[in-house]
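J.: Give me coordinates for this.
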Amino acid sequence: MQLSDMTLVLATRDEAHNIGAFLESIPLEIQLIVVDASHDQTPDLIERLRPHNSLVVREPGTVTQARQRGAEIAEKPWLLFSDADIVFPRGYFEKLGGLTDQAVYYGPRLSRDRYRRYYGRIAVGQALCQRCGIRPPPAPIC
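T.: Numbering: from 1, shown residues only. As a prediction, this is how the structure comes out:
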């Protein structure tokens, strides 16, 4: 997989304080679709900081609805869903190049703020499932 084959779908609501660091951690080759329900400057910051290969759709709704809307708009074969308070580490996207077709991949969300313990427990649960051979079901082939 090449980075140009990927769309990153981001649901946002009032993420102006996080969006700059998030955008800096994404390669420009990746298409970014943001479905935004903000009352702050989040969509304006996105359009200013990453004007190329980005689409901001301003629609009210839940996070689930926003992710679904972004997936419907995307035209690339690979989708990556994220939250705006994520900062991808160096080399993260290069590792994605080794993924195979028609698969579901998942991983823990590690937080540095008030949800650190919560997401840490989820990561431990995912690792335990992986070691026991429990994996998510395969993606349907349409």
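
J.: Bridge partners for the spatially most central residue of the chain, pull those for me.
T.: Residue closest to the average C-alpha location in the chain (CA atoms, centre = their mean): S82, at 2.1 Å. With DSSP bridges as the criterion, S82 is bridged to L10.

J.: mind listing what it touches?
T.: Listed by CB atoms under 8 Å, 6 or more residues apart in numbering, the contact partners of S82 are L8, V9, L10, F22. Bear in mind the C-beta positions are built from the backbone N, C-alpha and C, glycine included.

J.: quick one: the second one from R116, how far?
T.: By that I understand V9. Applying CB to CB, to the nearest Å, the value for V9 to R116 is 25 Å.

J.: Of these two, which one has the most company?
T.: V9 (22 against 11; other CB atoms under 10 Å).

J.: give me the element the residue lying closest to that one once chain neighbours are set aside is part of.
T.: Spatial nearest neighbour of V9, chain neighbours left out: G70 (3.4 Å); criterion: CB to CB, 6 or more residues apart in numbering. Assigned by DSSP states H and E, G70 belongs to helix 63-73.

J.: which strands and helices sit next to that helix?
T.: Helices and strands touching helix 63-73, by 3 or more CB pairs under 8 Å, 6 or more residues apart in numbering; DSSP states H and E, are strand 6-12, strand 31-36, strand 54-58, strand 78-82.

J.: Now for the contacts of S82, which sits with the most neighbours around it?
T.: Greatest neighbour count in those, by other CB under 10 Å, goes to L10: 27 neighbours.

J.: Verify the contact between that one and A84 for me.
T.: Yes. Judged on CB atoms under 8 Å, L10 makes contact with A84 at a distance of 6.2 Å.
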